[in-house]
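Asks: based on what follows, work out the 3D shape:
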Amino acid sequence: MNFLDAIKSFGFDGLFQVLVLAVMFYYILLFFSGTRGVQILVGLALLLVVLITSTHFLQLWELNWLLRKFLVGLTLAMLVIFQPEIRRALAELGRQPVFASTAEERGTVNNVVEAVMTLAEHRIGALIALEREIGTRAVQETGVKLDARVAPELLASLFFPHTPLHDGGVIIRGNRIVAAGCVFPLSQQTDLHKQLGTRHRAAVGMSEESDAVVVVVSEETGTISVCYRGRLSRGMDEVRLKRFLAALLLKGKQSESAWRRAQQQLDLTPEGIAKSESMAGQEKTGSG
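Replies: Coordinates of the predicted model:
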């Protein structure tokens, strides 16, 4: 039987399906290339191959059968293992650019800083998320939808005690307050300082779920903190807060493709970690 006969016996429909699967697997591996995903994937695959081969030669048939059945659930296991990274990567692929003039963005930053300083002076707790490019519609639906221009007096009044919306978070998109009284997702980090309350954990959780910049004012001390990408920077003053927000919200649009940004969300190799730490250091330098 020659090659052409083999193709005919297999069927052109079957061949087409194999080609489609090959392309899918190729792009999946290309997407995970250089990230922690491919490292763990290769590690699990090698471990299973070694175990299955060893149990076969040692005639441990029950264990061999169990390991082969485990391969069926490997795909689901990978989805569970990489759930946070995959979620952020898919969000990066689907994120839409925000079009706003620099003057509007700068005015929003100044108004937010003015409101935050007023709240901190009176020790009024606040939780403000400034949306960037990853949408927060699901979180907005937990609160009250608004459509108001960001004004320091309005923003500060939303958090004054005994008002209906003071106990939730506010979401700002561009130069508009889009929702108030929102319930932000709480962070599951176990290494957060025990003195941090629910408001700060909600800020960290919101920054983990999206690329929003979250500003927190402590109700007990009036301390101002900023959270971005799961990192909490405490003890901000007016100058540092304005610089921090300006560095993240007023910087020029990057020319990187969504594909590359999504890969960076999964890149936890030593090189990727070093790059992330360098970028975080530059952000902190720019904010200080």
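Asks: strands of the stretch 1-150 of the chain, residue ranges please.
Replies: With DSSP state E, counting those that start in this stretch as the criterion, the stretch 1-150 of the chain has strands at 126-131, 144-149.
Asks: compile the ones you listed into a markdown table and extend it with columns for mean pLDDT, distance to Val213 and mean neighbour count.
Replies: In this view, the C-beta of every residue, glycine as well, is placed from N, C-alpha and C. Converted to a markdown table, the strands of the stretch 1-150 of the chain look like this (pLDDT from 0 to 100; distance: least, CB to CB, whole Å; neighbours: other CB atoms under 10 Å):
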| stretch | mean pLDDT | distance to Val213 | mean neighbour count |
| --- | --- | --- | --- |
| strand 126-131 | 94 | 5 | 25 |
| strand 144-149 | 92 | 19 | 13 |
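Asks: model confidence for Met24, exactly?
Replies: On pLDDT, Met24 comes in at 79.
Asks: also His200?
Replies: As predicted, His200 sits at a pLDDT of 90.
Asks: hmm, Val215 and it touching each other?
Replies: No. Applying CB atoms under 8 Å as the test, His200 and Val215 come out as separate, 11.2 Å apart.
Asks: overlap in contacts of these two?
Replies: Taking CB atoms under 8 Å, 6 or more residues apart in numbering as the criterion, His200 and Val215 both touch 225, 227.
Asks: higher neighbour count, these two?
Replies: Comparing His200 with Val215 by other CB atoms under 10 Å, the one with more neighbours is Val215, at 26 against 23.
Asks: thinking again about what came up before, for the strands of the stretch 1-150 of the chain, which one sits closest to Val170?
Replies: strand 126-131 (5.0 Å; CB to CB).
Asks: before we move on, the earlier item: would you turn the strands of the stretch 1-150 of the chain into JSON lines with distance to Leu76?
Replies: What follows is the strands of the stretch 1-150 of the chain, written out as JSON lines (distance: least, CB to CB, whole Å):
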{"stretch": "strand 126-131", "distance to Leu76": "32"}
{"stretch": "strand 144-149", "distance to Leu76": "37"}
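Asks: to Ser210, which of these lies closest?
Replies: Nearest of the strands of the stretch 1-150 of the chain (CB to CB): strand 126-131, 7.3 Å.
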